[in-house]
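Enquirer: need a structure here:
(3 chains)
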Amino acid sequence: MIDYSRLNPEQYKAVMHEEGPLIILAGAGSGKTRVLTHRIAHLIEECDVNPYRILAITFTNKAAKEMRDRVNRLVATGAEDVFISTFHSMCATFLRRDINVLGYEKSFTIYDTDDQKVLIREILKQFQIDTKQTKERVFINAISSAKNELIGPDRFDEDARGDYTLQKIAKVYHEYQKRLKANNALDFDDLLMKTVEMFNTAPDVLEKYRRRFKYIMVDEYQDTNHAQFVLLKQLAEHHTENGVEHNLCVVGDDDQSIYRFRGADIRNILDFENQYPNTTVIKLEQNYRSTGTILDVANNVISNNCMRKEKSMWTENEKGDAVRLLRFSDDRDEAKGIIGDIRKKHEDGASLSDFAILYRTNAQSRLLEEQLVYNGFPYKLVGGVNFYSRMEVKDILSYLKTIENGLDSLAVRRILNVPKRGIGLTTADKVEAFALENQISFFDALCEAEKIPGINSGTAKRINMFTSIIQAIRKDVAGGMSIADLIRFICEKTEYFSYLDDYSDTDDEAFERRSNIEELINKAVTFEEELRLSGSESLPLSSFLQEISLVADIDEMNDAVPGVTLMTLHSAKGLEFPNVYICGMEEDVFPGRTYESDDNDDEEEERRLFYVGITRAMKTLTLTYAKQRMLRGQITFSDRSRFLKEIPTRLLEMDSSTSGHDYISKASRGKRLEFEDYDDSYGESSFKSRRRNSYEDNDYYSAPSSFDDYEAVSSFRKKAPQAAPSKSFGSKDPSSLPYACGDTVRHPKFGDGVVKEIVAGGKDFEVSVDFPGYGIRKLLSSFAPLKKI
DNA sequence: AGTCACGTCGTTTTT
DNA sequence: CGACGTGACT
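Expert: All right, here's what the predicted structure looks like:
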């Protein structure tokens, strides 16, 4: 029996809704995930629906995992049969089964943005297009948005008539698709577009899914694009003997639509009722997350948008603290101030995991990280350089791809001369030309290297070395080697580690790169274990490659690891934290440059982003800005964000120690701040005194205050996350390790864990450590940056 | 073929 | 400022 007692009347109504289209307009913090999970549970437990016939689509893998866990807790059995997935993974799964109707191999690989860039670059070179005139970005963006609109190269061509630039793009688009197909690869946008295409081409395939999925649920509907809209329309026609029914339930909040830049079409949510007649509309307007004050701020800000469905969020929660607005002289002071503030609260007993610092662009994380490291605070950074796009990881993945699917020329080309084999660019180009001419793949051309004109026997020999390594590995894989062993095998055969040593500038860097490979091996182990447990019959290697090409940064976040969370406002969507800081509240930072046009749409999207940020906060919200900031290498002065003016002053508290003036208490009293009144331009002297004023009175505060100190921090930063290299390298005696069984150790990535077992192997020791939230990890003592604590 | 040094350009945001 | 690509040199 399911417990519905914690649902409010609207939530209950949504949960009980069974047949027919349903749109749930769920404001921030209104418990929409609770509604979705309860609805799934209700269908399974009380309506006797086979879980296998329910499809739930989320925005990220993390959200999907969370949803599955929660459904699991609600229903007795069957939760694992519900198809819970992201749009992209779902499409990849569908395509794996039937993409052959479009003339692709089922073993297709998925190209990430880097691969995309490489391919586009090659094409531009081939066509001798001057990238100074039209930058490659333009091509990538144009192709991507075309695909999101389901416009193929031919349609694009037709539409481009009369426009020189568009025609140029059309030509590139054609070639791009041709090459993708030749490489048996799909890019992210293809996953959606090709699925729609597959359904159009093979109605029987579509019918299979239409019959299967009787109930479809979509989260974050406001961020769907046209392709996703069409895909849903295709899928949601469930045929019964009485005709067609649309058991499509979408959940969204137009105020939280923040992905217009990547094709999200807000009209999908605004027009849903017109698209599906007889739609039931339910609004969830009670907020359970934030204090009254925070919600009040959010409502005030978002009310400045015109393009929105009217709704008003309310809460029964207490009013809580005022929202703080802190001013700093520059970006470094801002970082110091925020971390100092967290430190204060932490010493008063708050857990570091309760804090999140949000910013507009990833570049803003650096100074914050510096301060966190300086203070010795653990932190979790979401975004930035993706783990899977690190050079060494991409290298290994390219080996895996080559072994799995020799058609992916991009992967083959990448590793052809990695580690160095004396096969240069000119040779690779000759091979490519030969492959093109003879209509064979790049790899097959390599196999016939001696036949390629212009390649001497010496070079051909070296090429043969490469191809025979690949073929040797392929043979061993057929013998049923695990992915983890396969990676180790690749590293061994190619002497990859010694290549890394040569390649890296410092020992630290080499160490870091090795650790990343270790980490990849760990991920492979975990993946294969899960795959085995789930009883899936899909091929481990290809599903592994698919899975990792579809992980988002946010998916990698682990809630069990303690620490301050750092991420962009975009990544923060769907999350909540007791204490939230939003930094860089300045014009040209947030909102970012919208100089192109006076387009209100851009401003409104930025405002929604701000709204998303505000509504992440449960207890306290702190907004900060700096008068002066380093922006792409230039010191720039900027004004406060226009959004700050939209917050009534009665809800704000300005820190007088940072402002240096007591403007607020006098100026406020119910009316809005007129920021122009406070011209806070100040000279060097006040800059210094402010600096002193801010935090020096805190006797525990010891962040660097001079440039020299800062230099010390930088070098410290480099070393801090890593433990001293193990002195036991080469030794066989476990007691020479700085830790032993039962000790608690710290890992920069996994946090704290307990050493379970130490086994001597090869040159060093394999240490098993139980990290809460990650499970037991096997690490090599000479690689793993473990530190006893 | 591989290395080094210089120039350029750039920043949203992400599946 | 720093990453990255191009070009000249060994």
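Enquirer: which positions in the longest helix along chain A come out as buried?
Expert: The longest helix of chain A (DSSP state H) is helix A:507-534. By 16 or more other Cβ atoms under 10 Å, the buried positions in helix A:507-534 come out as A:510-525, A:527-528, A:531. C-beta here means a position set from N, CA and C on the backbone, and glycine is covered the same way.
Enquirer: would you pull up the residue in the stretch 101-250 of chain A closest to DNA strand B?
Expert: Of all residues in the stretch 101-250 of chain A, A:Phe188 sits closest to DNA strand B, at 4.0 Å by Cβ to the nearest atom of the strand.
Enquirer: ok, the stretch 601-750 of chain A next?
Expert: Closest point on the stretch 601-750 of chain A to DNA strand B, by Cβ to the nearest atom of the strand, is A:Arg632, at 3.9 Å.
Enquirer: same deal with the stretch 201-350 of chain A?
Expert: A:Phe261 (3.7 Å).
Enquirer: ok, that residue to A:Asp219 distance?
Expert: 20 Å (Cβ to Cβ, to the nearest Å).
Enquirer: neighbour-wise, which of the two wins?
Expert: Between A:Phe261 and A:Asp219, counted using other Cβ atoms under 10 Å, the more crowded position is A:Asp219 (26 against 11).
Enquirer: contact partners for the nearest residue to the more buried one once chain neighbours are set aside?
Expert: Counting by Cβ to Cβ, 6 or more residues apart in numbering, A:Thr58 is the residue found nearest to A:Asp219 once chain neighbours are left out, at 4.7 Å. Neighbouring residues of A:Thr58 by Cβ atoms under 8 Å, 6 or more residues apart in numbering: A:64, A:67, A:84-86, A:219-220.
Enquirer: recalculate using a threshold of 6 Å.
Expert: Neighbouring residues of A:Thr58 by Cβ atoms under 6 Å, 6 or more residues apart in numbering: A:64, A:86, A:219.
Enquirer: beta partners for it?
Expert: A:Thr86 (DSSP bridges).
Enquirer: do the same with A:Tyr625
Expert: For A:Tyr625, the beta-bridge partners are A:Arg327 (DSSP bridges).
Enquirer: also A:Ser768?
Expert: Beta-bridge partners, per DSSP bridges, of A:Ser768: A:Glu757, A:Lys778.
Enquirer: that one against A:Glu757, yeah?
Expert: Yes: A:Ser768 lies in contact with A:Glu757 (Cβ atoms under 6 Å); the separation is 4.2 Å.
Enquirer: who's more crowded, those two?
Expert: Just comparing A:Ser768 and A:Glu757: by other Cβ under 10 Å the higher neighbour count belongs to A:Ser768, 16 against 13.
Enquirer: which stretches of the stretch 101-250 of chain A form helices?
Expert: Under the criterion DSSP state H, counting those that start in this stretch, the stretch 101-250 of chain A contains helices at A:113-126, A:136-148, A:153-159, A:164-182, A:188-201, A:203-212, A:226-235.
Enquirer: closest to A:Glu646 among the contacts of A:Thr58?
Expert: Nearest to A:Glu646 among the contacts of A:Thr58, counting by Cβ to Cβ, is A:Asp219 at 28.3 Å.
Enquirer: these two touch, right, that closest one and A:Cys249?
Expert: No: counting by Cβ under 6 Å, A:Asp219 sits too far from A:Cys249 to count as a contact (9.8 Å).
Enquirer: if we can go back for a sec, in TSV, list the contacts of A:Thr58 along with pLDDT.
Expert: TSV is the format used below for these (pLDDT from 0 to 100):
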residue	pLDDT
A:Ala64	93
A:Thr86	95
A:Asp219	95
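Enquirer: name the residue most distant from the centre of chain A?
Expert: Going by Cα atoms, centre = their mean, the residue of chain A most distant from its centre is A:Ser457, 46.4 Å out.
Enquirer: now that residue: how far from DNA strand C?
Expert: 23 Å (Cβ to the nearest atom of the strand, to the nearest Å).
Enquirer: returning to that earlier point: without its sequence neighbours, what residue ends up closest to the residue of the stretch 101-250 of chain A closest to DNA strand B?
Expert: The shortest distance from A:Phe188 to any non-neighbouring residue, by Cβ to Cβ, 6+ apart, is to A:His88 (6.4 Å).
Enquirer: for the one you found, give me phi and psi.
Expert: phi -70, psi -40 (degrees, to the nearest 10).
Enquirer: for DNA strand B, what's the nearest residue on the stretch 301-450 of chain A?
Expert: For the stretch 301-450 of chain A, Cβ to the nearest atom of the strand, closest residue to DNA strand B: A:Gly424, 2.1 Å.
Enquirer: just give the closest residue to that residue, not the sequence neighbours.
Expert: Of all residues not flanking A:Gly424 in the chain, A:Asn417 sits nearest, at 7.0 Å (Cβ to Cβ, 6+ apart).
Enquirer: try A:Ser30
Expert: Closest to A:Ser30 by Cβ to Cβ, 6+ apart is A:Leu284, at 3.8 Å.
Enquirer: what sits against the one you found?
Expert: So A:Leu284 contacts A:10, A:26, A:30 (Cβ under 6 Å, 6+ apart).
Enquirer: so which strand or helix has the last one?
Expert: Assigned by DSSP states H and E, A:Ser30 belongs to neither a helix nor a strand.
Enquirer: likewise the first one?
Expert: Under the criterion DSSP H and E, the helix or strand holding A:Glu10 is helix A:9-16.
Enquirer: contact partners of that helix?
Expert: A:24, A:35, A:38-39, A:42, A:282, A:284.
Enquirer: surely A:Ile635 forms part of a strand?
Expert: Yes: A:Ile635 forms part of a strand when assessed by DSSP: H, G, I helix; E, B strand; the rest coil.
Enquirer: with adjacent residues omitted, what lies nearest to it?
Expert: Nearest to A:Ile635 is A:Gln628, by Cβ to Cβ, 6+ apart, at 6.1 Å.
Enquirer: so which bits of the helix or strand harbouring the one you found are buried?
Expert: Following DSSP H and E, one finds A:Gln628 within strand A:617-631. Going by neighbour count (16+ other Cβ under 10 Å), the buried part of strand A:617-631 is A:617-629, A:631.
Enquirer: tell me if that strand is near DNA strand C.
Expert: Yes: with Cβ under 7 Å from any atom of the strand as the measure, strand A:617-631 is seen reaching DNA strand C through A:Met630.
Enquirer: what's the pLDDT at the residue lying closest to A:Arg308 once chain neighbours are set aside?
Expert: Distances taken as Cβ to Cβ, 6+ apart place A:Asp254 nearest to A:Arg308, at 5.4 Å, with adjacent residues excluded. On the pLDDT scale, A:Asp254 is placed at 92.
Enquirer: just to check, A:Asp254 is in contact with A:Met307?
Expert: No: using Cβ under 6 Å, A:Asp254 is not in contact with A:Met307; the gap is 7.8 Å.
Enquirer: compare these two (neighbour count), which wins?
Expert: Neighbour count, other Cβ under 10 Å: between A:Asp254 and A:Met307, A:Asp254 has more, with 21 against 15.
Enquirer: contact partners for A:Tyr388?
Expert: So A:Tyr388 contacts A:Ile548 (Cβ under 6 Å, 6+ apart).
Enquirer: relative to A:Met193, how far out is the residue nearest to A:Phe188?
Expert: The separation that A:His88 has from A:Met193, given Cβ to Cβ, amounts to 12 Å.
Enquirer: OK, contacts around A:Gly751?
Expert: A:Val561.
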